[in-house]
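> The following block contains a protein sequence and its predicted model.
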Amino acid sequence: MSTPMSTLAIAPATTTLMDRLIPVGDDVKGQTIRAVLLTIVGAQLLWISAKVQVPMWPVPMTMQTYAILALAGLAGWRVGLSMVALYLAQGAVGMPVFAGTPEKGIGLAYMMGPTGGYLLGFLMAAAVAGAASQVRGGMRLVSVVVGMTVAHLLVFIPGILWLGGAGFMDGGISAALAYNVSSFWLGTVLKTLLAIATIYGVWQLTSDRPTSPPSAS
């Protein structure tokens, strides 16, 4: 038995928060231009966020993982992945985009160092944060909380495995896990909460905005 076309037509489309902030509707050209511009701007914001250090106990924290969660949450998983991929590509060719560059090296040599696993985790986090924030019909707070929490944890899984498993830390993976928990737990909690507040706050503030630009009269 075939499904009537009318039934398919009324299914709500999956949208991103950027569809409300910068609406382009179904215009493919407009969507492409917006995606390219967001990717370029987002990659540069990730660069800036890597250099922003906030005093925190027991170690200073950067705002980079917050930026990844927030930007991917606003733009969706495809553009979020593109932002992070461009950011990593900039670093791979030698641009000093990472928190430890150029002081601790640049390019692929830096990326294959102790922080290499976290850089891989950035891609995973962007995908999950973006997917959790692309909504069909309406956004639920619980979905944002779970999505942002899982996304942030995904930064640390490859980071810990690489740091401990590749011999960068004495004591192996267990020592790397203990170091990450003791050093980053407070900053991780705060940045996750900030990302949740950002995404859900933008959703609430833009709830009455259309996802298509106004048509010419």
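Looks like it came in fine.

> just the helices in this protein please.
All helices of the chain, identified by DSSP state H, fall at 5-9, 18-21, 28-51, 64-75, 77-92, 107-111, 116-133, 141-165, 172-205.

> Buried deepest among the ones you listed, which one?
Among these, ranked by average contacts under mean count of other CB atoms under 10 Å, first place goes to helix 64-75 (a mean of 28). To be clear about C-beta, it is placed using only N, CA and C from the backbone, and glycine gets the same treatment.

> Restrict that helix to CA atoms and write it as PDB.
Provided in PDB are the C-alpha atoms of helix 64-75 (Å, rounded to 0.1, in the frame of the first residue of the first chain):
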ATOM      1  CA  GLN A  64      37.500  25.900  22.500                       C
ATOM      2  CA  THR A  65      35.200  23.000  23.400                       C
ATOM      3  CA  TYR A  66      32.500  25.400  24.300                       C
ATOM      4  CA  ALA A  67      32.900  27.000  20.900                       C
ATOM      5  CA  ILE A  68      32.700  23.700  19.100                       C
ATOM      6  CA  LEU A  69      29.500  22.700  20.900                       C
ATOM      7  CA  ALA A  70      27.800  26.000  20.500                       C
ATOM      8  CA  LEU A  71      28.800  26.600  16.800                       C
ATOM      9  CA  ALA A  72      27.800  23.000  15.800                       C
ATOM     10  CA  GLY A  73      24.600  23.300  17.900                       C
ATOM     11  CA  LEU A  74      23.700  26.500  16.000                       C
ATOM     12  CA  ALA A  75      24.700  25.400  12.500                       C
END
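
> and that helix, what's its mean pLDDT?
In this model, helix 64-75 has a mean pLDDT of 97.

> circling back to that earlier point, same list, the helices of the chain, but as TSV with distance to Phe98 please.
Shown next, in TSV, are the helices of the chain (distance: least, CB to CB, whole Å):
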stretch	distance to Phe98
helix 5-9	46
helix 18-21	26
helix 28-51	6
helix 64-75	9
helix 77-92	5
helix 107-111	6
helix 116-133	8
helix 141-165	13
helix 172-205	16
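
> so which of those comes closest to Trp57?
Proximity to Trp57 (CB to CB) singles out helix 172-205 among the helices of the chain, at 6.7 Å.

> now that closest one, how far from the chain's geometric center?
Distance of helix 172-205 from the chain centroid (CA atoms, centre = their mean, to the nearest Å) equals 12 Å.

> got the angle between that helix and helix 116-133?
If you take axes from the mean of the first three to the mean of the last three CA atoms, to 10 degrees, helix 172-205 sits at 30 degrees to helix 116-133.

> Not counting its neighbours along the chain, what's nearest Gly30?
Nearest non-adjacent residue to Gly30, counting by CB to CB, 6 or more residues apart in numbering: Val24, 3.4 Å away.

> these two touch, right, that neighbour and Gln31?
Yes: when contacts are counted by CB atoms under 8 Å, Val24 is listed as touching Gln31 (5.4 Å).

> Cheers, nothing more for now.
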